[in-house]
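Peer 1: below is the structure, and that's it, no one-letter string:
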C-alpha cells in the first residue's frame with residue numbers, strides 16, 4: 001500500500017491543489033485489505049487479467065469468488081497472522097499491495113476522503129500503548 005492519491009481540487013484563484021492526506025498507509029497493517037468482501041467490477045477483472053496475462057474468464061476464476069447473498073464478485077483471500085484473512089494480493093510481510101498499479105476501483109477510492117478512521121484509531125492506540133508497532137484487534 002502507498003499513500004492514497006486524491007483528486008486534484010481547484011483553489012479559489014484557479015490554481016490546482018491537492019488536499020493534504022491525514023494518514024499514511026505505510027504505517028498501517030493493511031486494515032482495509034482485511035474486509036471480508038472486497039468487491040470487483042468487470043473492468044477490475046479485465047485489469048487483473050492484463051496484469052497477469054490471463055483472459056477475463058481465467059482472471060475471474062483465479063482471483064474472485066461470487067457471493068450469492070451479496071450478488072457480487074469479490075477478491076479471494078489468504079490466511080493472515082494479523083487478521084484472520086486478507087486480500088490475496090497483500091504482501092504478508094511488507095503489508096503492501098502487490099498489484100497497486102492494477103488494484104480494483106474500490107481500493108483506488110478508499111477511504112474516499114483525506115482521513116482514514118482506522119488510521120486515526122491506530123495512531124491513538126499506539127500513543128496510549130506507548131508502542132509504535134502496536135496492532136489493535138490482533139487475532
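Peer 2: Good, I have the coordinates. Just so we're clear, the structure is a prediction, and the values are computed from it rather than from any experiment.
Peer 1: the chain: helices as residue ranges?
Peer 2: All helices of the chain, identified by DSSP state H, fall at 42-52, 56-63, 105-109, 117-129.
Peer 1: residue 97: which of these is closest?
Peer 2: The closest approach between residue 97 and any of these, judged by CB to CB, belongs to helix 105-109 at 7.2 Å. (Glycine included, C-beta is placed from N, CA and C.)
Peer 1: which one of the helices of the chain lies nearest to residue 82?
Peer 2: Set against residue 82 and scored by CB to CB, the helices of the chain come closest in helix 117-129, at 12.0 Å.
Peer 1: rewinding a little: and the helices of the chain as a markdown table, adding mean pLDDT, distance to residue 27 and mean neighbour count?
Peer 2: What follows is the helices of the chain, written out as a markdown table (pLDDT from 0 to 100; distance: least, CB to CB, whole Å; neighbours: other CB atoms under 10 Å):
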| stretch | mean pLDDT | distance to residue 27 | mean neighbour count |
| --- | --- | --- | --- |
| helix 42-52 | 97 | 26 | 17 |
| helix 56-63 | 98 | 27 | 16 |
| helix 105-109 | 90 | 18 | 15 |
| helix 117-129 | 79 | 7 | 14 |
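Peer 1: save these as JSON lines, and put in distance to residue 36 too.
Peer 2: As requested, the helices of the chain are exported to JSON lines (distance: least, CB to CB, whole Å):
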{"stretch": "helix 42-52", "distance to residue 36": "17"}
{"stretch": "helix 56-63", "distance to residue 36": "16"}
{"stretch": "helix 105-109", "distance to residue 36": "13"}
{"stretch": "helix 117-129", "distance to residue 36": "15"}
